[in-house]
Structure formats: C-alpha cells, structure tokens
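> take this sequence and fold it.
(one chain, ligands or ions: 1)
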Amino acid sequence: MENIVVIGGGLMGTSVSWKLAEQGAKVTLVEQQEKAYKHGSSYGAARISRSLGPKKDIFAFVHNRTVKEVKQLIDFLNSETTSKLHAMEDIYSTSPVSYLYTKDDYDQIDKLKYKKQRKDYRRASGDSAFRKFGVTLADDQILVREKRQYSGTINPKELIRKLRLGIEKKGGNIKYNQKVVRLIKKGGDFEVTILNTKTNKSKTILTKKVVVAAGPYTVSVLKDFAPYFNRIITPKRVLLSYFKISEERYEQLSEAEKQSILTAHPMFSQIGKQYFSMIEESPKKGTPIFKAGGHKSRRNIIDIDSVWEMPPRKKELKWIKKQFRKQLEMLEIYLKKKDIELVDAYNCVYSVTRTEIPLVTPIFNQYGTLDKNIIVIGGMSGVGAKGCLGYGAIGSNLILGNPEERSKIYRKAAKAFGNPSVRLYTRRPRRGRLF
Ligand SMILES: Cc1cc2nc3c(=O)[nH]c(=O)nc-3n(C[C@H](O)[C@H](O)[C@H](O)COP(=O)(O)OP(=O)(O)OC[C@H]3O[C@@H](n4cnc5c(N)ncnc54)[C@H](O)[C@@H]3O)c2cc1C
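All right, here's what the predicted structure looks like:
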C-alpha cells in the first residue's frame, strides 16, 4: 500500500512530488521514461519565464511563486552538501523578455492589464523603438520589454534534475521505466497497474491518493477512471526548430550586434501564429543555439507515441526560419538564407484545455462523483514551465487536504485552476451513466 502515487515525472510531476516530500508526505513518483528525460512537454534546456501582467494576475503569481520555491529548493540542496553546488543561475537566465503586439491589440490589453506594472517594463512603438531598444518596428506594432530578475528563461532539464534530487533526499521514491497502464478505484483504494518497460512485467499497487501529471498522456492514464477527460484536454503537436548563425557570418558581426541579438531574446509575438524564440544554449565561444516555434501553428495529434519521430513539415519549418530572419532584421542585422543553419527540429507535444487555463483540480469519476483523493495537474499548454512550482504547491495542498493558503492571490489562482473542470463536469454527466 502506497500513500501518494504521482504519475509522470516531467515538470509538473516532479514539482508536486517535491512539495509533497518537503511537507513530509510519503510519495512515490512513477515515470515511464528512463532516468534521462527524452520525450515530453518539458524536454529541453529553455522555456520563457515571464511575469508581465496586472497586479493580481494568476500567471504572474505562479511564476513568482516558482521563483520563491526554486530558491528554497536550492537552499535545501546546498544545506545537504558542504560546498555550495547549486545556484539560481543553474535554473534561470535573466534577460529582458520582448513581447510584440499590434497597436490595436495592445490598446485593448493595456486598458485592462499592464497599467499597474509600469515600473517593470518599457514599451515602444514604431517611432521610439529604435531609440529605446535599437529595434525597428512597423508603424502598427508595439514592443514591450519586461525587465525583472529571473524573467528570461527557465531550464526544465536542470530543474527536473534538482527536483528529483530533492525528492530523494527527502525520502521520496522515484521509479523509472514504469508505465502506468491502468488506473481504477476499488473500494476506498486506487489500483495502479504498472508495466516495467524493461522487463515487460506488470504489477498492481494500491494507494490511497493519486496525482496524475502525465502531460499529454493524461487522457490515456485516465481512460478507465475518468474516460470523459478526452473532452477536457487535448494534446497538440508543436514544431520546435533550433538554429544557429553560421560561424563565418557570426564572426562578421560587431560586438554591439551580437549583444543586441542576445538582448532581443527571448521574444514572444502576440501577432498571428504567435512566434516565439529563445536562446537554448550559449557556448562561451561561437554562435548561440536559438530555439523557435509558433504556438498557433500547433496541430491535433492522432498518435502521441509516433509524433516524436514524425519528420518536421517543410512548410512549418520554412515559416519559423522566415520569422527568425525577420526578427534579426528588426535589429537591422540582415542574414542570407544560407547564414542560418538548422541544428535540429522535432515535433513536441503539449496539452490544452478549452479555455487554455491549466487544471490543478480534484476530478470526477466516470459516474459523476467528485473524488478528492485524485487530482490532475494538466492542460498546461505553452505556459506551464514558468509556473510549475506554483501549480505544484496548489496541487500538494489539495491532495493533502491542507487548508487553503491565506493570500488572496493564492485563492484566486487555486479557484481559477480548479473551477473550470468542476463547471464542465457538473453540467454534463448524469449519475450512473458513462459519458
Ligand atoms: C514547444 C513548447 C514550448 C513551450 N514554451 C513554454 C514557454 O516558453 N514558457 C513556459 O512557461 N512553458 C512553455 N511550454 C510549456 C511547458 O513546457 C509545459 O507546460 C510543461 O513542460 C508541462 O509539463 P508536464 O509535467 O505537464 O508534462 P511532461 O513534461 O510531458 O511530463 C509528463 C510526464 O509523464 C510521463 N508519463 C506519461 N504517461 C505516463 C504513464 N502512463 N506512466 C508513467 N509516466 C507517464 C511522461 O513520460 C512525462 O515524463 C512549452 C511547451 C512546449 C511543448
């Protein structure tokens, strides 16, 4: 009999497991991949971390909470060793975050959102952008630059490594190469059937409580307990491309130009297909590796397992490369097609809810009864990484049955991440019927 089983060891599963272990809970984390994390939404060394929003913005809250929690994790890990091996800089690369808008969209948002946060960001339109940021813009565009400590990028690979270290040091148990193939409830206990992917043998464990944090696989993990979940979250394919500027061309750039390229990353465009780009790797010498994609060019998926091996679609790749070139043209750095080398490209996956608001919530079983001993942390789309420990903190409080934290913004966030599911399920299911 296990106490709490967490299914999935990506950013969400490790975050919630760490928060549980930190509070003294007996936690078992089950992960289908081997120790090296290779396939999942959290794969890679960079995700944009940003906190621009109004004062009581729930996404700014989960970001800020994550920064605070990462500090605590680092302090804990350092307290366990004689030399200080861990630092915030292993996880965060602080750099201005650029947001590109059309003027019309920005005016709408500005009225609602950013007024209260003026000190953290600067904005510039076509006329002033070059003076303020060294960037040329079309007349109908606005660039906003957020400047805060730990806004820039967050490193999922390193954070997962440190969280797993923390979980084990706190007595948590992590099982790799273990795939959950069945999750049901009998009597008062959950039965979790786990397949060892190395030996092909399976066994069933019993547990009182379950956290499902299986990213895009959440629907398949819940196929028996809550089959309706295929209507709640949808896995999507997003192409990621990695570029570098050819060594020869990079050497021709002045130091000021190289610096302006670094300052212009990460960037998140709110226009059209929502192009984003960031620095994935920054070697001491030579050209950085840039990662780029477009959130709104994502597609539905038929078979998640084969998506990683699917060759990138030429049309999508071409679009991303074109956007990357255009981004550098905004800095008045003109590159020929051959100056941009493709380092890698693959299809990545994340899952989205209908409202695009993530879920951290207890769920209903297939008969429409709410079960507070099982929660889902999922539907994270393209915003999960920066707030992972915020979601983890809310999730661990829910599954432990802790009283809600007192701050208003915590309550607002917990309600927002919990309520959508409750609203969805209570409207549809009829008791006693599968849906
Ligand atoms: C292209 C792209 C760009 C993004 N950009 C940003 C960004 O700029 N900023 C930001 O904040 N966020 C961003 N995100 C979102 C962020 O990366 C995700 O929200 C986050 O990584 C989700 O983590 P997860 O733990 O939910 O999922 P995952 O990392 O997929 O973890 C799920 C884990 O569950 C395991 N698993 C699945 N099924 C089973 C099973 N049956 N048994 C056992 N284990 C199982 C998987 O192997 C996996 O390790 C981006 C995501 C993508 C894909």
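> is stretch 280-287 positioned near the ligand?
No - applying C-beta under 6 Å from any ligand atom, one finds stretch 280-287 separated from the ligand by no less than 11.3 Å. Backbone N, C-alpha and C define where each C-beta goes, glycine included.
> list the buried ones in that stretch?
280, 287 (16 or more other C-beta atoms under 10 Å).
> do the same with stretch 250-260
For stretch 250-260, burial by neighbour count (16+ other C-beta under 10 Å) applies to 250, 253, 258, 260.
> check stretch 98-108 too.
For stretch 98-108, a neighbour-count test (16+ other C-beta under 10 Å) marks 98-103, 106 as buried.
> the ligand contacts on this structure?
With C-beta under 6 Å from any ligand atom as the criterion, the chain meets the ligand at residues 7-13, 30-33, 40-42, 47-48, 156, 179-180, 213-217, 221, 238, 240, 293, 348, 350, 380, 382-386.
> if any of the residues you listed are buried, put those into a PyMOL selection.
What follows is the PyMOL syntax for the buried subset of the residues of the chain next to the ligand, where burial is set by 16+ other C-beta under 10 Å:
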select buried, resi 7+8+9+10+11+12+13+30+31+32+33+40+41+42+47+48+156+179+180+213+214+215+216+217+221+238+240+293+348+350+380+382+383+384+385+386
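> among the residues of the chain next to the ligand, which are in helices?
Cross-referencing the residues of the chain next to the ligand against helices under DSSP state H gives 11-13, 156, 221.
> farthest pair within those residues?
156 and 221 (20.6 Å; C-beta to C-beta).
> please state the offset of stretch 199-211 from the chain centre?
Here stretch 199-211 is found 26 Å from its chain centre; the criterion is C-alpha atoms, centre = their mean, to the nearest Å.
> ok, residues contacting that stretch?
1-7, 13, 16-17, 28, 181-183, 188-196, 373-377, 395, 399 (C-beta atoms under 8 Å, 6 or more residues apart in numbering).
> excluding chain neighbours, what is closest to the residue of the stretch 151-300 of the chain found nearest the ligand?
Residue nearest to the ligand within the stretch 151-300 of the chain: residue 215 (2.4 Å; C-beta to the nearest ligand atom). Spatially, and ignoring its direct neighbours in sequence, residue 215 is nearest to residue 41 (4.7 Å; C-beta to C-beta, 6 or more residues apart in numbering).
> export whatever helix or strand residue 162 lives in to PDB, keeping only CA atoms.
Taking DSSP states H and E as the definition, residue 162 sits inside helix 156-169. Taking C-alpha atoms only, helix 156-169 is exported to PDB below (Å, rounded to 0.1, in the frame of the first residue of the first chain):
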ATOM      1  CA  PRO A 156      13.400  22.500 -17.300                       C
ATOM      2  CA  LYS A 157      16.200  19.900 -17.700                       C
ATOM      3  CA  GLU A 158      18.200  21.200 -14.800                       C
ATOM      4  CA  LEU A 159      15.100  22.000 -12.700                       C
ATOM      5  CA  ILE A 160      13.800  18.400 -13.100                       C
ATOM      6  CA  ARG A 161      17.200  17.100 -12.100                       C
ATOM      7  CA  LYS A 162      17.300  19.200  -9.000                       C
ATOM      8  CA  LEU A 163      13.700  18.500  -8.000                       C
ATOM      9  CA  ARG A 164      14.300  14.700  -8.300                       C
ATOM     10  CA  LEU A 165      17.400  15.100  -6.200                       C
ATOM     11  CA  GLY A 166      15.400  17.000  -3.600                       C
ATOM     12  CA  ILE A 167      12.600  14.400  -3.600                       C
ATOM     13  CA  GLU A 168      15.000  11.500  -3.000                       C
ATOM     14  CA  LYS A 169      16.800  13.400  -0.200                       C
END
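> picking up where we left off before, compile the ones in helices among the residues of the chain next to the ligand into TSV and extend it with columns for pLDDT.
Below are those laid out as TSV (pLDDT from 0 to 100):
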residue	pLDDT
11	98
12	98
13	98
156	98
221	98
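> which one of those residues is nearest residue 169?
residue 13 (17.2 Å).
> for the spatially closest residue to the closest one that is not a sequence neighbour, list the residues it contacts.
With C-beta to C-beta, 6+ apart as the criterion, residue 13 has its nearest non-adjacent residue at 3.7 Å, and that residue is residue 213. Residues in contact with residue 213, defined by C-beta under 8 Å, 6+ apart, are 6-8, 10, 12-13, 16, 376-378, 395.
> between those residues, which is nearest residue 145?
Distances from residue 145 to the contacts of residue 213, taken by C-beta to C-beta, are shortest for residue 12, at 29.2 Å.
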